[in-house]
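A.B. asks: Compute the structure for the input listed below.
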Amino acid sequence: MSLKIPKKQGENAIQVLTKLKLLNRKLAPQMIDDTLHVPLSREPQPEERKQLDRALGKQSLSHEKFLSRSETVGSLQQVLAQKLPSSIIQLVSKSFDIIGDIAIIELSPTAEPYEESIAEALMKLHKNVKTVYSKAGPITDNLRLRPLHHLLGAERTETIHKELGCRFKIDVSRAFFSPRLSAEHKRVAEQVRPGECVVDMFAGVGPFSIMIAKRLNDVQVHAIDANPEAARLIGENAKMNKVQDRIKVWSGDARVVVQDNLSGIATRVIMNHPSQAREFLEPAYKALRRDGGIVHYYTFAEGLDSESNARKELAAALDNSGWKIEKTIETHKVRGVAPMKWQVAVDAKLTSS
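C.D. replies: Residues are numbered from 1 along each chain as shown. Alright, predicted model coming up:
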């Protein structure tokens, strides 16, 4: 028997189960789609179920087969220890992305001669992975594409990725998508209320847009991307998730699309392009209704005052625009991108001054 919960509640659930002496420590938890299954030592009593509900919200029990902890493969470094010198293992990134059944890892030049062994270890560790690529350069252009180097498995770049009840067709070489933003997609989607009109200025393959439309029947979403391939995939993904009636896809530069088609209609604008969002702030506030709305502004910020710096950047960019921040709703670090450097989100209510 196991407890079935959202992945983000895993740490809290294990603490609660340990306190109630319900956690089966001989078996290893497992992920199935986006749900974590935690093995239990016995069925919870009614009072224990109430405590679990209070701590974790309503959850359910299931029956799954689990590997014993002695049978689990371990970390990537542990698997590589059987193949590579320790001096090389230290250079292999512990962080990698799995998108559908494709894994993407970053390798240092010193580790590149061992790339096939590293890819084999990744596929051994993650049985669902059928293809492994390494990053072959930075994301450099407006289309947000990264060059990739094929390491092992089928040499293809299309896959189906599941995230929080949604399915996305993704081409990792031709359209932007980051699985590291899953929690951010959910956080923003949960803020949208029935009746809103949302403009997603840099939609990628549509994770923000589709998650919003999946949650709400009474919502209108305009998904824009400058990459025609990304725009095509948004359309396919909207149909796959049966939300095509609530999403309109626009292929083109967001500045032009907003100017020609979307001025003054939005209650909320999503600006997930941290390296260029500041340059697109004018079309963002032009998309908002005249009585204002919410902007989800993303940027890169460094240092101990990164969140404060992100807020100041947004405020400064609005100087002499005729718009101002009525209130900052939330500021938080989304993910680290370098030592002491983060992608930061600023949720702000803007009004015309």
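A.B. asks: alpha carbons only for contacts and neighbour counts from here, please
C.D. replies: Noted.
A.B. asks: Quick one: neighbours of R255, just the number.
C.D. replies: The number of residues packed near R255 is 19, by other C-alpha atoms under 10 Å.
A.B. asks: OK, contacts around it?
C.D. replies: Going by C-alpha atoms under 8 Å, 6 or more residues apart in numbering, R255 touches 280, 283.
A.B. asks: element containing it?
C.D. replies: In this assignment (DSSP states H and E), R255 forms part of helix 254-257.
A.B. asks: In PDB, list the C-alpha atoms belonging to that helix.
C.D. replies: Only the C-alpha atoms of helix 254-257 are listed here, as PDB (Å, rounded to 0.1, in the frame of the first residue of the first chain):
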ATOM      1  CA  ALA A 254       5.000  39.900 -29.500                       C
ATOM      2  CA  ARG A 255       5.400  43.700 -30.000                       C
ATOM      3  CA  VAL A 256       3.800  43.500 -33.400                       C
ATOM      4  CA  VAL A 257       1.100  41.000 -32.400                       C
END
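A.B. asks: Report the buried residues of that helix.
C.D. replies: 254-255, 257 (16 or more other C-alpha atoms under 10 Å).
A.B. asks: Stretch 305-322 now?
C.D. replies: 306-307, 309-311, 314, 317-318.
A.B. asks: so can I have JSON lines of these showing secondary structure and distance to I224?
C.D. replies: As requested, the buried residues of stretch 305-322 are exported to JSON lines (DSSP: H, G, I helix; E, B strand; the rest coil; distance: C-alpha to C-alpha, whole Å):
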{"residue": "S306", "secondary structure": "helix", "distance to I224": "28"}
{"residue": "E307", "secondary structure": "helix", "distance to I224": "27"}
{"residue": "N309", "secondary structure": "helix", "distance to I224": "27"}
{"residue": "A310", "secondary structure": "helix", "distance to I224": "24"}
{"residue": "R311", "secondary structure": "helix", "distance to I224": "25"}
{"residue": "L314", "secondary structure": "helix", "distance to I224": "21"}
{"residue": "A317", "secondary structure": "helix", "distance to I224": "22"}
{"residue": "L318", "secondary structure": "coil", "distance to I224": "22"}
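A.B. asks: out of these, what pair is the most spread apart?
C.D. replies: Largest separation among the buried residues of stretch 305-322 by C-alpha to C-alpha: S306 and L318, giving 18.7 Å.
A.B. asks: how far is the strand ranked longest in the chain from where the chain is centred?
C.D. replies: Secondary structure of the chain per DSSP state E: the longest strand is strand 323-338. Strand 323-338 sits 17 Å away from the centroid of its parent chain (C-alpha atoms, centre = their mean, to the nearest Å).
A.B. asks: If you count contacts, what does that strand end up packed against?
C.D. replies: The helices and strands touching strand 323-338, judged by 3 or more C-alpha pairs under 8 Å, 6 or more residues apart in numbering; DSSP states H and E, are helix 306-317, strand 341-352.
A.B. asks: quick revisit: could you dump the buried residues of stretch 305-322 to TSV with distance to I99 and pLDDT?
C.D. replies: Compiled in TSV, the buried residues of stretch 305-322 are given as follows (distance: C-alpha to C-alpha, whole Å; pLDDT from 0 to 100):
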residue	distance to I99	pLDDT
S306	29	93
E307	29	94
N309	32	95
A310	29	96
R311	32	96
L314	32	96
A317	35	94
L318	36	94
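A.B. asks: and stretch 208-228, which residues are buried?
C.D. replies: For stretch 208-228, by 16+ other C-alpha under 10 Å, it's 208-216, 219-228.
A.B. asks: re earlier: mind giving me the packing neighbours of the next helix or strand after the helix holding R255?
C.D. replies: Counting by DSSP H and E, the next helix or strand C-terminal to helix 254-257 is strand 268-271. On a contact count with 3+ C-alpha pairs under 8 Å, 6+ apart, strand 268-271 meets strand 197-200, helix 281-287, strand 293-302.
A.B. asks: and the angle from the last one to strand 323-338?
C.D. replies: Spelled out, it's strand 293-302. Put simply, strand 293-302 runs at 40 degrees to strand 323-338, going by axes from the mean of the first three to the mean of the last three C-alpha atoms, to 10 degrees.
A.B. asks: Report the buried residues of strand 293-302.
C.D. replies: Buried residues in strand 293-302 (16+ other C-alpha under 10 Å): 293-302.
A.B. asks: Poorly predicted segments of the stretch 1-150 of the chain, please.
C.D. replies: 32-34, 66-74, 82-83, 91 (pLDDT under 70).
A.B. asks: again, only this time at 50
C.D. replies: Residues of the stretch 1-150 of the chain meeting the criterion pLDDT under 50: 70-73.
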